[in-house]
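> Sharing a sequence plus its predicted fold:
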2 protein chains.
Amino acid sequence: MVEFLEEKRVFSGRQIRYQHDSKVLNCQMVYSLFMPNIGEDETVPLIWWLSGLTCNDQNFATKGQFQKYAQAHKVAIVIPDTSPRGDAIADDEAFDLGQGASFYLNATQAPWKDHFQMYDYITEELSELVKSQLPQFNGKEAIMGHSMGGYGALMIGLRQPNRFQAISAFAPITDLTNVPWGKKILSAYLGTDQKVWETVDPVKLVQQDSVPPILITQGTADEFYPEQLQETAFLDAAEKSHATVEYHKVEGYDHSYYTIATFIEEHIDFLSQHLS
Amino acid sequence: MVEFLEEKRVFSGRQIRYQHDSKVLNCQMVYSLFMPNIGEDETVPLIWWLSGLTCNDQNFATKGQFQKYAQAHKVAIVIPDTSPRGDAIADDEAFDLGQGASFYLNATQAPWKDHFQMYDYITEELSELVKSQLPQFNGKEAIMGHSMGGYGALMIGLRQPNRFQAISAFAPITDLTNVPWGKKILSAYLGTDQKVWETVDPVKLVQQDSVPPILITQGTADEFYPEQLQETAFLDAAEKSHATVEYHKVEGYDHSYYTIATFIEEHIDFLSQHLS
């Protein structure tokens, strides 16, 4: 049922690709897993990485430069694809809707609802699958991501605050209900009922008692900042609910993986500290 | 004449792409330059990175994970493309001949000789261009590369041993005149005269008095090892001429950029030590 695709040694750990038939998404899916080199009696926590628009499971694996630090902290990292994929699956010509652009939501609207059930896929089906492959899993999880995946990490982490020890994000879309990308995909995937939108809105979700610690890095030269990535509403809401949010603006860095590569050590350190 | 294409901040330095009209190659060429963040009065040495078959100037920039160490040692790194390119330029259907596969040679045979003059391009035209852009250049150079580019680094570094302070290579083709890739391209680019082949053969070139220090890393799980990457003839010749060659075999690593990423810190350290 799970097919091994390839394994690459990197920083003494293993970067592995698998393929499986997803029942939740009703299609074949590929995912990547970094497994650090550990001793026989050692265990590992699990960090989820959610990628941005147009990405698949390979972008972070090849360009994220995280393996050195994941090995140093002995954490496993799973990288799902960003949506269901295939000729038989709904899509849109735009890069910010459809395949490669699930926003990690469970769609309720046609034509998306048949396959776009990424929230359930990530938090249930793929979770169970990955944990079944990891007898060394120590029960602790954190979640991180970039751009659309930074939104996904916040949305999922804040909807399951007792499951995830910490959340981190690069250039996340936080004010989803007010920015162009968000308005477009919320209408398409969830319909126009604003009450439904609130259930997946980080600005609303952060207003609760038990918020995991959050680290966000945002480049000032990011081509999507501030239009798609405006942070004020989220930071204001977080402050009101006394959530622990570190928001780092980094001068001159853009939306690319070069920014992720530069600051990934800090993010892995942050998550690992809360996972230990 | 030189057109700026883009610049990305990474580890506080700048990863830059340029385009220019090459007179030597008689076509438009793209190259990448990493420039570390330095003080106003500081200078930098220059390291050349030569990529492998099918690559262009972007593979090492995005997947090589070198910028952290290039910034730490304050070295500039230039990444040329791997061949002339364009519809009007000779090519072959195979990935190991023609565009993307110059082997950094000056071709003497038709149809290649019109454009495939990569040795002159790298060592003269592009050198002059890059140095003209780098008033901070301190006059010291080293050269490194991967696979075909590992061969290129050895061939160029050994043909100009007084110019390059050190040479390093990942999975280099050293025994060019005896392995399938080498025999094929030498016949195509240089004809069948074995005396001519010797002028670009690392096994012959290493047999001289002034050999720069050399570091080589070779993965044992490399899919092209040992057939294309056999090292014995080169290491034997190096030993006879008392050349300083460190040859590291690394267990379980393959031909990919994951291996480069894992050991690039060691290579940049090695080259920097000889550049300072």
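Great, that's in hand. Numbers count the residues shown, from 1 in each chain, chains lettered A, B, ... in the order given.
> May I see the buried residues of the top helix by length along chain A?
Secondary structure of chain A read by DSSP state H shows that its longest helix is helix A:257-275. Neighbour-count burial for helix A:257-275 flags A:257-265, A:267-268, A:270-272, A:274-275 (criterion: 16 or more other Cβ atoms under 10 Å in any protein chain shown). In short, each C-beta sits where N, CA and C put it, glycine included.
> Off-centre distance for it?
Mean-position distance between helix A:257-275 and its chain equals 14 Å (Cα atoms, centre = their mean, to the nearest Å).
> First-to-last residue distance for stretch A:116-123?
Distance across stretch A:116-123, first residue to last, is 14 Å (Cα to Cα, to the nearest Å).
> How far does that stretch sit from its chain's centre?
12 Å.
> Could you do stretch A:122-130 as well?
The answer for stretch A:122-130 is 13 Å, by Cα atoms, centre = their mean.
> any idea which helix or strand carries residue A:34?
For residue A:34, the host element (DSSP states H and E) is strand A:27-35.
> My error: substitute residue A:46 in the last question.
Using DSSP H and E, residue A:46 maps to strand A:44-50.
> Next SSE downstream of that strand?
Downstream of strand A:44-50, the first helix or strand assigned by DSSP H and E is helix A:58-63.
> Could I get the contacting residues of the residue in the stretch 151-276 of chain A that chain B sits nearest to?
Residue nearest to chain B within the stretch 151-276 of chain A: residue A:258 (3.9 Å; Cβ to the nearest Cβ). Contacts for residue A:258 (Cβ atoms under 8 Å, 6 or more residues apart in numbering or on different chains) come out as B:8-10, B:15, B:62, B:67.
> redo that, cut-off 10 Å
Shown in contact with residue A:258 (Cβ atoms under 10 Å, 6 or more residues apart in numbering or on different chains): A:63, A:65, A:219, B:8-11, B:13-15, B:61-62, B:67.
> between the residues you listed, which is nearest residue B:88?
For the contacts of residue A:258, the residue nearest residue B:88 by Cβ to Cβ is residue B:61; the value is 26.6 Å.
> The closest residue to the closest one other than its chain neighbours - how many residues pack around it?
Once flanking residues are discounted, residue B:61 sits nearest to residue B:32: 4.9 Å by Cβ to Cβ, 6 or more residues apart in numbering or on different chains. Residues near residue B:32, counting by other Cβ atoms under 10 Å in any protein chain shown, number 24.
> repeat for residue A:184
Around residue A:184 there are 15 residues (other Cβ under 10 Å).
> can I assume it sits in a strand?
No: secondary structure of residue A:184 (DSSP: H, G, I helix; E, B strand; the rest coil): helix, not part of a strand.
> Pretty sure it sits against residue A:95.
No: applying Cβ atoms under 10 Å, one finds residue A:184 not in contact with residue A:95, separated by 11.5 Å.
> So for these two, which residues contact both of them?
residue A:101.
> Run the contact check for stretch A:170-187 versus chain B.
No: judged by Cβ under 10 Å from any Cβ of the partner chain, stretch A:170-187 and chain B are separated, with a smallest distance of 13.4 Å.
> Next, the buried residues of that stretch.
Neighbour-count burial for stretch A:170-187 [16+ other Cβ under 10 Å]: A:170-177, A:179, A:181-182, A:185-186.
> Kindly report the same for stretch A:79-99.
Neighbour-count burial for stretch A:79-99 [16+ other Cβ under 10 Å]: A:79-85, A:89-92, A:96-99.
> element containing the closest residue to residue A:1 other than its chain neighbours, please.
Leaving aside its sequence neighbours, residue A:1 sits nearest to residue A:20 (Cβ to Cβ, 6+ apart; 6.1 Å). Using DSSP H and E, residue A:20 falls within strand A:13-22.
> how close does the nearest residue to residue A:54 once chain neighbours are set aside sit to chain B?
Nearest residue to residue A:54, sequence neighbours excluded (Cβ to Cβ, 6+ apart): residue A:100, at 4.9 Å. In this structure, residue A:100 and chain B are 19 Å apart, going by Cβ to the nearest Cβ, to the nearest Å.
> Near chain B, which residues of the stretch 1-150 of chain A? Just list them.
A:6-15, A:37, A:59, A:61-68, A:71.
> Can you go through those and name the buried ones?
Buried among the residues of the stretch 1-150 of chain A next to chain B by 16+ other Cβ under 10 Å: A:7-15, A:59, A:61-68, A:71.
> What ranges does chain A have for its helices?
A:58-63, A:67-73, A:118-120, A:127-133, A:148-159, A:180-190, A:194-198, A:202-205, A:232-240, A:257-275.
> Could you dump the ones you listed into CSV with distance to residue B:119 added?
Listed next are these as CSV, based on distance: least, Cβ to Cβ, whole Å:
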stretch, distance to residue B:119
helix A:58-63, 30
helix A:67-73, 35
helix A:118-120, 51
helix A:127-133, 49
helix A:148-159, 44
helix A:180-190, 49
helix A:194-198, 61
helix A:202-205, 55
helix A:232-240, 55
helix A:257-275, 31
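> These: which one's closest to residue B:227?
Here helix A:58-63 is closest among those (Cβ to Cβ), at 25.5 Å.
> So which elements touch the strand holding residue A:20?
Strand A:13-22 is packed against strand A:2-10, strand A:27-35, helix A:58-63, helix A:67-73, strand A:76-80, helix A:127-133, helix B:257-275, with contacts defined by 3 or more Cβ pairs under 10 Å, 6 or more residues apart in numbering or on different chains; DSSP states H and E.
> Which residue is the nearest non-sequential neighbour of residue A:265?
residue A:69 is the one closest to residue A:265 (Cβ to Cβ, 6+ apart), at 5.0 Å.
> May I ask you to confirm that that neighbour is in contact with residue B:68?
No: assessed by Cβ under 10 Å, residue A:69 is found out of contact with residue B:68, at 11.3 Å.
> burial of the nearest residue to residue A:174 once chain neighbours are set aside, as a residue count?
Leaving out its chain neighbours, the residue that sits closest to residue A:174 by Cβ to Cβ, 6+ apart is residue A:234, at 3.7 Å. Here the count is done by other Cβ under 10 Å, and residue A:234 has 26 residues near it.
> Residue A:234 and residue A:218 touch, don't they?
No: using Cβ under 10 Å, residue A:234 is not in contact with residue A:218, being 11.1 Å away.
> what sits in contact with each of the two?
The contact lists of residue A:234 and residue A:218 share A:172, A:174, A:247, where a contact means Cβ under 10 Å, 6+ apart.
> contacting residues around the first one?
Shown here is residue A:172, whose contacts under the criterion Cβ under 10 Å, 6+ apart are A:50, A:52, A:144-155, A:202, A:214, A:216-218, A:229, A:231, A:234.
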